[in-house]
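prediction below, plus the sequence it came from.
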Amino acid sequence: MKQVHFENPDVVRRYAQGPTAFVPAYEQMPRMTAQLIKEGIGEVGELLVLGAGGGFELEVFASLQSQWRYTGVDPAAEMLNAAKARLAAIDASERVNWHHGYITDAPEGPFDAASCLLTLHFVADDGSKLQTLLELKKRLKPGAPFVLVDCCIDISSPSAELMLARYRDFALGSGADPEQVSTTCDRLVNVLKMVSPARNEALLKSAGFTDVELFYAGLSWRGWRATA
């Protein structure tokens, strides 16, 4: 799904301050992701990072693990540029291969591990979510760890209004600009393609992932560690 929103340089600049205000425990979540991946691959490995724009998780991974190498994939060129600058600032650029596009544009690997953080909720559940996970799994070695973190609000559910209110109130309480909060909440309803936690787990299993384990929950956000 084309994300024109993230091709806007002003949006990309704001996003650099965004995740912490909108995602509970955001600072710890990429660290936990790296820890869970390290359990499976150790100190050396090739990682596929889907939704690498912005570069936040890559910065954390690269800072924690000096011998991991990465393939970063994202359809938004401006977000990839921001990620490249972030990795250059910590002298880790040479460890990343960048791919502007979608999972189908990524190299075939096989990779030792993969992550998809704050990304799958942009993909429609019309077969595209499942296809994304299938394409990702196809690029992983058997037994490779995969970490998925997604915003999980089923807009059609009776609890959707409450979940959206909690999302809004957390962001406002974190000091986010009220106008930005309003715009983001509108995008949750009208742009993002979120599904329930149960649906995400079902999609992972349908794509052939096993040992699906919940490791992170923050209001409507959920994170799973699974095995290819």
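Here it is on my side, so go on. Numbers count the residues shown, from 1 in each chain.

strands along the protein, start to end?
45-50, 68-74, 96-100, 113-117, 145-151, 210-218, 221-227 (DSSP state E).

adding mean pLDDT, mean neighbour count and distance to residue 125, write these out as TSV.
Where you see a C-beta, it was placed from the backbone N, CA and C, and this is true even at glycine. Shown next, in TSV, are the strands of the chain (pLDDT from 0 to 100; neighbours: other C-beta atoms under 10 Å; distance: least, C-beta to C-beta, whole Å):
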stretch	mean pLDDT	mean neighbour count	distance to residue 125
strand 45-50	98	24	17
strand 68-74	97	23	20
strand 96-100	96	17	24
strand 113-117	98	26	15
strand 145-151	98	26	11
strand 210-218	98	14	17
strand 221-227	98	21	15
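
out of these, which is closest to residue 175?
Smallest distance to residue 175 across those (C-beta to C-beta): 16.8 Å, for strand 210-218.

quick check, pLDDT for residue 4.
pLDDT recorded at residue 4 is 48.

do residue 11 as well
52.

repeat for the one 3 residues further on
Confidence at residue 14, expressed as pLDDT, is 56.

what's the closest non-adjacent residue to the residue most central in space within the chain?
Nearest to the geometric centre of the chain sits residue 117, at 1.5 Å (C-alpha atoms, centre = their mean). Spatial nearest neighbour of residue 117, chain neighbours left out: residue 149 (4.5 Å); criterion: C-beta to C-beta, 6 or more residues apart in numbering.

please apply the same query to residue 185.
With sequence-adjacent residues excluded and distances taken as C-beta to C-beta, 6+ apart, residue 185 is closest to residue 168, at 5.3 Å.

do residue 86 as well
Counting by C-beta to C-beta, 6+ apart, residue 55 is the residue found nearest to residue 86 once chain neighbours are left out, at 3.6 Å.

the one you found reaches residue 87, doesn't it?
Yes: Residue 55 is in contact with residue 87 according to C-beta atoms under 8 Å; the separation is 5.7 Å.
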